[in-house]
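Visitor: Kindly generate the corresponding structure for this input.
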Amino acid sequence: MFGTRVRPRPGSVVHCSLAFAVEHSGIFVGRDQIIEIENVDGKKNIRSVDTYDFIHREIPTGFNIHVACDAKTGIVLGCKNIASSAKAAEGCGGDEYHLLLDNCHKFTSYCITGRRDNVDTLFTLLEMTISRKMNRGKPITWKVWNYQDDDDWSPDGLDELLEAECAELDFELIEGHEISCHDGVRPRLHDELRAWQQQLAVDLRRRFANNFAALEEAKRSLAAGSYAKEDIRRDLNGFSEADQANTSHWEQRINEPLDNLALHGVRADIHYEWQRSLERQRNEYCLSEIARRRAELMKELNGRLNAMREIADVAGELGINPGLLWDRTRGIGAHSDLETLKRWADYLKHNEGVRRLSELLGRMRRAGMSDRLEMLKSLERYYADIPDVEARSEIVGITQGRDLTHLLPQELVLLAVPDSELLFDLKYAEGRLMSYDYNEMIQVECNREVERATRVEEKDKLGPMIICVDTSGSMSGEPECVAKAITLALAMKSIEQKRECCIYSFSTNIEERDLSKHPGLQELLDFLQMSFNGGTDASPAIHHAIKKMEEKAYARADLLLISDFIMPEFTAEVKQQIQHARNRNCRLHALSIGRPLTLGKSYAEFDGEWQYDPATMGVTYLNKIVADVDR
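Guide: Modelled structure (predicted):
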């Protein structure tokens, strides 16, 4: 769907280039059929044609058909309602056809907008309507439809039915939710719809796969010359099981004395009725199941897009692309959940000190260095001959535009005949008049890039993140607000940087929230909504966090301990575990909220320490490593 060649959806706008750089447009309605308008003796005739007839007209054309797509993502635009409007107009006509005032572009615009009095008689005006009505004003582009190789639709028509349904869902979501056109959200929404379409196709075909397989086996048996009464009774059993049909009529027939030709005919008739029954059941089931699942999907996506609309504001304030949070909106939709996110994002936005502190902590991994070979580029000067576009001494080709001074003779001929003057005016209005392209070469000084292998030092990549938050009663009040805001900012930063992230909240008990194992935001929301109470003992939390670092996903993790540090000193066992973790290149950091660190001997256990005073919004750096971070 995102390549240079695409397949249109029912309701897609297509066009091809005619002679003299004139565009011809129409509406794709499915199964290789396009609704177009043609000029028949000066009268309009709206008809359905295949791709061959669409491009092979009385006026010579090219061999490519182009499809309207979103310019940013390449997603094909289309809607069943547009296809329905085009189909309803098929066979109509009789009014006078006018190349400039009532042409194919105006008909295509009517199918999109429903307005017969539209003024989209130029291709450029039609493009503006497609952008406004089908893509929420976003730019569009045209991609080639490889129709010559586009023969892989399933014989049962299910693929085309689901493609139309998927196009309709996409169109409705774009119409109903502005956030769905966000550059970060649109591709993910498209992938969601495509995955739904593919899975639904598999499920629907699986429903009757065994029944059709039994029917095909019976047909092969008959083709091989088997029409014994035992075979016929076996077919009747399969028929009755599939449709619970009354087979008494057939039972009576096979109990009669019949010759081989008659038995062959009876079995063939049973196969015919069996297939009709299966196709009817399949069609009824598919339509009802598609409608049911469509309603479920629309309910889910509407909820997620409503959540995305709110989350987009939060992400914007945190400097994160909203599209990164798309997969994490599953199950999010409660008003309280969204208000929680907005509340803490707003707190970060208006609290200068906490915001600056979160930015510092977000870069808390000390940059380790390693050597590697890298191909470095450098500039090399050389001289080259390039075309001088201002020169008129040499003809190098033919171009299109509105240059009336260098027109080709065949363009000037259009002015000699009154009937063709309209075509000349149309080509001038669209900037498609063909003229000579003049050029000559001049020598200029240029630079080019040259690659050379060089040994360079590089910083280690950012590792996983573990956040241990003191949720004891002494942290209630402003320290609680700071801790939650910092945790939200770091969790969002981990999503943006695609880092593993785990949160441990500790007081009397310890709770683990691994945001990597639970891709939704609910784990983070649960933490933001919890109350702080109980006593404080950080040693068990540090013990669990270091055990977490032994997992492959959390090797070389950064650990941040957020507390007011009104707590006992770390146990000897925990100190030993910390040292072992540091030996594995893990880093441990501490953030004290409201008072200086009073860790005694455990001060040296941390690679970096910060003190944040909520009253002054000041940040004090208590370790030399912070100077490296702040730079």
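
Visitor: low pLDDT regions in the stretch 201-350 of the chain?
Guide: Confidence mapping of the stretch 201-350 of the chain against pLDDT under 70 gives the ranges 242-247, 313-338, 341.

Visitor: ditto for the stretch 51-200 of the chain
Guide: In the predicted model, the stretch 51-200 of the chain carries pLDDT under 70 at residues 57-63, 94, 147-156.

Visitor: Which residue ranges of it form helices?
Guide: Assigned by DSSP state H, counting those that start in this stretch, the helices in the stretch 51-200 of the chain fall at 51-55, 80-89, 104-113, 123-134, 158-176, 186-207.

Visitor: quick one, which of these is nearest to Y554?
Guide: Across the helices of the stretch 51-200 of the chain, the minimum distance to Y554, taken as CB to CB, is reached by helix 186-207, at 26.7 Å. (Each C-beta comes from the backbone N, C-alpha and C, glycine too.)

Visitor: ok, back up a step: deepest in the core, which of the helices of the stretch 51-200 of the chain is it.
Guide: Mean neighbour counts were taken over those using mean count of other CB atoms under 10 Å, and the top value, a mean of 24, falls to helix 104-113.

Visitor: For it, which outside residues touch it?
Guide: Contact with helix 104-113 is made by 13, 23-27, 35-37, 44, 46, 82, 85-86, 89, 115-116, 118-123, 125-126, 129-130, 133-134, as judged by CB atoms under 8 Å, 6 or more residues apart in numbering.

Visitor: picking up where we left off before, generate CSV for the helices of the stretch 51-200 of the chain, with distance to L222 as supplementary columns.
Guide: As requested, the helices of the stretch 51-200 of the chain are arranged in CSV below (distance: least, CB to CB, whole Å):
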stretch, distance to L222
helix 51-55, 38
helix 80-89, 40
helix 104-113, 48
helix 123-134, 51
helix 158-176, 27
helix 186-207, 24
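
Visitor: So for F606, which of those helices sits nearest?
Guide: Nearest to F606, of all these, is helix 186-207, at 38.9 Å by CB to CB.

Visitor: Report the buried residues of the helix or strand just after the closest one.
Guide: Taking DSSP states H and E as the definition, the helix or strand that follows helix 186-207 towards the C-terminus is helix 209-223. The neighbour-count check on helix 209-223 (16 or more other CB atoms under 10 Å) flags N211, F212, A214, L215, A218, K219, S221, L222 as buried.

Visitor: Who are the packing partners of helix 209-223?
Guide: Applying 3 or more CB pairs under 8 Å, 6 or more residues apart in numbering; DSSP states H and E, one finds that helix 209-223 makes contact with helix 229-243, helix 260-318.

Visitor: JSON lines for those, including distance to E523?
Guide: Formatted as JSON lines, the entries for those read as follows, by distance: least, CB to CB, whole Å:
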{"stretch": "helix 229-243", "distance to E523": "47"}
{"stretch": "helix 260-318", "distance to E523": "15"}
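
Visitor: Pipe the ones you listed into CSV and attach distance to E172 and mean neighbour count per row.
Guide: What follows is those, written out as CSV (distance: least, CB to CB, whole Å; neighbours: other CB atoms under 10 Å):
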stretch, distance to E172, mean neighbour count
helix 229-243, 36, 16
helix 260-318, 7, 16
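
Visitor: closest one to K138 among those helices?
Guide: Comparing the helices and strands packed on helix 209-223 by their distance to K138 (CB to CB), the top pick is helix 260-318, with 16.1 Å.
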